[in-house]
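Participant: Everything below, folded, please.
(4 chains)
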Protein chains: 2
Amino acid sequence: MTSPDFFKRTGKMALGSRLRLLTERVNEEAKSIYELYGVEIKPKWFPVYFLLAHGEKMAITEIASQIGQTHVSVLAIAKEMHKAGLLWLSKDENDRRRTIARLSPRGLSYTDKLELQCLDVASAMDEVTQQMQNDLWKAIAEIERILDERSLLQRVESKKMEREHDPVQIVPYQEKYHDAFVALNTHWIETYWTLEPEDVESLNDTNRFILDKGGHIFVALLDGDPVGVCAMMKCEREEYDWEIAKYAVAPWAQGHGIGDKLFRHILEKAREMGGFRLFLESNTVLEAAIHIYKKHGFKELPSVSSAYERCNIQMELTL
Amino acid sequence: MTSPDFFKRTGKMALGSRLRLLTERVNEEAKSIYELYGVEIKPKWFPVYFLLAHGEKMAITEIASQIGQTHVSVLAIAKEMHKAGLLWLSKDENDRRRTIARLSPRGLSYTDKLELQCLDVASAMDEVTQQMQNDLWKAIAEIERILDERSLLQRVESKKMEREHDPVQIVPYQEKYHDAFVALNTHWIETYWTLEPEDVESLNDTNRFILDKGGHIFVALLDGDPVGVCAMMKCEREEYDWEIAKYAVAPWAQGHGIGDKLFRHILEKAREMGGFRLFLESNTVLEAAIHIYKKHGFKELPSVSSAYERCNIQMELTL
DNA sequence: ATTGTTTGTGTAATCAGTTACATATTGTAT
DNA sequence: ATACAATATGTAACTGATTACACAAACAAT
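Facilitator: Residues are numbered from 1 along each chain as shown, chains lettered A, B, ... in the order given. Here you go, the predicted structure:
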């Protein structure tokens, strides 16, 4: 039914689509719930019904502004309800523009049933809410308030400005960064060790070794040029979620916090994807890297038994 | 713009309407964000675009199942994108039923721009998320999971069963319970004291004294008959949110936990409405009530200076 | 008293999705 | 080899909302 994988990949860009899907689903459920109670009311009538449930009289526009819809849709609902014999429409004597709506006796007679239904739905929703760590209801209220303060457009606009003025950017790996990925990693290996045939293979076949297995690579761009890379791979060890590897920054670009920014990005992604136990292997000669690992809270593990000969230190972090 | 008052009143019954409103709003914003980036892509194309962004080829139905929409809507999107020159459609050689979609070179050329847009939107959304106590994104994922386990319909169904088999029910106040509200309160006052003219006035004019000021009354029904009432009023003292008052249960119905259930309901409502500091006044001769107050954690306040002569104890609770 | 603006309602077209059903291919079980 | 079921697409009609626009009543300012 749900396709959580897709939305995990899109990230928050697809909020609209996701909300629409959830809305659809909730309305679907609502329909069958109304049927369960034998109330001949369409779910979309509910807001109007609720407003008039105790005999209140209201003009179309008034209803619309209260329930947050356009007068056109309220008009359509009112007509449908009128046709179903639940609602009466009349002109306001004092202001001949206004059309006053109120429930018919038959409409009013449903109020009790509907009230029971509300009761049951409320307690079912309460039950659901208790099972959630994040209260959907409150979250909606919060985001509405936050977007009232400053629209998403404005926020995105300033992020855009920020980004455009920042020469350093972290982006997800793409095929076009493959050469840089290989070159950057080759460089630090060759500085201290020699490149083994396995190295060449694993670097060249990025897709097979990292991405296809559910791993991710991020690239640091300086004025659009790739100057740093770092990979997070699904960890083969049971006790960890992600292994950080292939972390390399061009020597001439070091010392400007680019590596740190890249690494922070990786940690954030891990957090987002719900993997909290991180692992990495390295060598103590790579002082700059070890410094960054420690800075972000990685702790050294006691014993080392690595597949790579050039590793003499293993570290872990639980986010 | 938003109408939070209305949704506060409807409670969780109007989740569908509320979600639709939020969806509408997000999509509205999305539209202007796309414009900001000068990408000639409609927001609703995004899921399809995202899937094909790196040259992937996919059949219509395949796309549909991945993004959680019907093949019909994907087809419509594909046609629109085709018309806009962003997408190519071709028949699968091996399976002549399948229509394969992939981005045209022009479509692919937008990928970079869109990626930047994703980046900015993601960081704007992250900023928003950090301001929220309840993570909307996670809340959606959670509720989807919970509803996968057991549909809302099923949950409501069992709540209905429970309610129908439980003779005791707590419902919000309605006009028809007015007589019971007056009678129940009059009874305990007259048992220990005499009814003053102010009492009569405040009980009779429930609307003006309690409801119009944003207070709430709940009624305990036993087999449909009102046997208990309790009010929560906006507290006049700065340091509290709600004052509990007019708490009365018919003597012949006492000792069956009805009063307790009613009181628990009140506490829950206070919690829901975000009022955490509660206050009440009472008299120590009302042992049953004092017992319930203490049971739920109310603590006695030292000094008493009440408007009511018959009060000799004041209590408070922070939820 | 007149005129221009605001407000309330109504109509038509549009949008982004849906369901229901038709048609063409492909797979499968005798 | 055939017939039936399953799959992939396509079409038409519907749904629940919207925007754009028309028109009449009420209000406000000269």
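Participant: which parts of the stretch 151-300 of chain A sit against DNA strand D?
Facilitator: Counting by CB under 7 Å from any atom of the strand, no residue of the stretch 151-300 of chain A lies close to DNA strand D. The way it works is simple: take the backbone N, C-alpha and C, and place the C-beta from them, glycine included.
Participant: quick one, helices of the stretch 151-300 of chain A?
Facilitator: For the stretch 151-300 of chain A, helices defined by DSSP state H, counting those that start in this stretch occupy the ranges A:152-165, A:178-192, A:197-204, A:206, A:258-272, A:287-295.
Participant: closest one to residue B:245 among those helices?
Facilitator: helix A:152-165 (43.7 Å; CB to CB).
Participant: Make CSV out of the helices of the stretch 151-300 of chain A and add mean neighbour count.
Facilitator: Shown next, in CSV, are the helices of the stretch 151-300 of chain A (neighbours: other CB atoms under 10 Å in any protein chain shown):
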stretch, mean neighbour count
helix A:152-165, 16
helix A:178-192, 16
helix A:197-204, 14
helix A:206, 21
helix A:258-272, 18
helix A:287-295, 15
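Participant: As CSV, these with mean pLDDT would be great.
Facilitator: As requested, the helices of the stretch 151-300 of chain A are exported to CSV (pLDDT from 0 to 100):
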stretch, mean pLDDT
helix A:152-165, 90
helix A:178-192, 93
helix A:197-204, 88
helix A:206, 85
helix A:258-272, 89
helix A:287-295, 93
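Participant: show me the contacts for residue A:273.
Facilitator: Shown in contact with residue A:273 (CB atoms under 8 Å, 6 or more residues apart in numbering or on different chains): residue A:8.
Participant: same question, residue A:308
Facilitator: Neighbours of residue A:308 in contact, by CB under 8 Å, 6+ apart: residue A:281.
Participant: again with the one 10 residues further on
Facilitator: Counting by CB under 8 Å, 6+ apart, residue A:318 touches A:276-278.
Participant: Neighbour-wise, which one of those residues leads?
Facilitator: residue A:278 (25 neighbours; other CB atoms under 10 Å in any protein chain shown).
Participant: picking that back up, from the contacts of residue A:318, which land in strands?
Facilitator: A:277-278 (DSSP state E).
Participant: which among the contacts of residue A:318 gets closest to residue A:178?
Facilitator: Nearest member of the contacts of residue A:318 to residue A:178, counting by CB to CB, is residue A:278, at 25.0 Å.
Participant: Could you give the number of residues near residue A:25?
Facilitator: Count around residue A:25 with other CB under 10 Å applied: 20.
Participant: I'd like to know how far it sits from residue B:140.
Facilitator: 11 Å (CB to CB, to the nearest Å).
Participant: re earlier: so which of the contacts of residue A:318 is the closest to residue A:176?
Facilitator: residue A:278 (27.8 Å).
Participant: Ramachandran coordinates for the spatially closest residue to that closest one that is not a sequence neighbour?
Facilitator: Among residues not flanking residue A:278 along the chain, residue A:317 sits closest, at 4.6 Å (CB to CB, 6 or more residues apart in numbering or on different chains). In terms of degrees, to the nearest 10, the main-chain angles of residue A:317 are phi -150, psi 130.
Participant: one step back: redo the contacts of residue A:318 as TSV? Include pLDDT.
Facilitator: Output for the contacts of residue A:318, formatted as TSV (pLDDT from 0 to 100):
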residue	pLDDT
A:276	84
A:277	91
A:278	94
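Participant: Redo the contacts of residue A:318 as TSV? Include distance to residue A:169.
Facilitator: Converted to TSV, those look like this (distance: CB to CB, whole Å):
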residue	distance to residue A:169
A:276	26
A:277	28
A:278	23
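Participant: any idea which of the contacts of residue A:318 is closest to chain B?
Facilitator: residue A:276 (14.1 Å; CB to the nearest CB).
Participant: wait, the closest one sits on residue A:241?
Facilitator: Yes. Counting by CB atoms under 8 Å, residue A:241 is a contact partner of residue A:276 at 6.4 Å.
Participant: between the two, what contacts are shared?
Facilitator: Counting by CB under 8 Å, 6+ apart, the residues touching both residue A:276 and residue A:241 are residue A:270.
Participant: what about the helices of the stretch 151-300 of chain A, which gets the closest to residue B:136?
Facilitator: Among those, if distance is taken as CB to CB, the winner is helix A:152-165, at 12.2 Å.
Participant: does any part of the closest one sit near chain B?
Facilitator: Yes. Residues of helix A:152-165 contacting chain B under CB under 8 Å from any CB of the partner chain: A:152-153, A:155-160, A:163.
Participant: Could you point out which of those residues is nearest to residue B:204?
Facilitator: residue A:152 (50.3 Å).
Participant: which ones are touching that closest one?
Facilitator: Per CB under 8 Å, 6+ apart, neighbours of residue A:152: B:26, B:29, B:33, B:121, B:124-125, B:128.
Participant: Quick one: residues contacting residue A:99.
Facilitator: A:59-60, A:78, A:89-92.
Participant: In the stretch 101-250 of chain A, what residue comes closest to DNA strand C?
Facilitator: Minimum separation of the stretch 101-250 of chain A from DNA strand C (CB to the nearest atom of the strand) falls at residue A:101, amounting to 8.0 Å.
Participant: where's that residue relative to residue B:174, distance?
Facilitator: 21 Å.
Participant: Just give me how far the host helix or strand of residue A:16 sits from the chain centre.
Facilitator: According to DSSP states H and E, residue A:16 maps onto helix A:15-36. Centroid displacement of helix A:15-36 relative to its chain, using CA atoms, centre = their mean, to the nearest Å, is 19 Å.
Participant: now do stretch A:80-89
Facilitator: For stretch A:80-89, the distance to the chain centre is 42 Å (CA atoms, centre = their mean).
Participant: what about it and DNA strand D, touching?
Facilitator: No. Using CB under 7 Å from any atom of the strand, stretch A:80-89 never reaches DNA strand D; the gap is at least 7.7 Å.
Participant: And that stretch, what's buried?
Facilitator: A:81, A:86-88 (16 or more other CB atoms under 10 Å in any protein chain shown).
Participant: Would you mind putting the residues you listed into a markdown table with secondary structure alongside?
Facilitator: Formatted as a markdown table, these follow (DSSP: H, G, I helix; E, B strand; the rest coil):
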| residue | secondary structure |
| --- | --- |
| A:81 | helix |
| A:86 | coil |
| A:87 | strand |
| A:88 | strand |
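Participant: Just give me the closest of those to residue A:41.
Facilitator: residue A:86 (7.5 Å).
Participant: Where does the closest residue to the closest one other than its chain neighbours sit: helix, strand or coil?
Facilitator: Excluding its sequence neighbours, the residue lying closest to residue A:86 (CB to CB, 6+ apart) is residue A:107, at 3.6 Å. Under three-state DSSP, the three-state class of residue A:107 is helix.
Participant: So residue A:107 versus residue A:85, what's the distance?
Facilitator: Distance from residue A:107 to residue A:85, by CB to CB: 8 Å.
Participant: How about residue A:297?
Facilitator: Relative to residue A:85, and taking CB to CB, residue A:297 is found at 67 Å.
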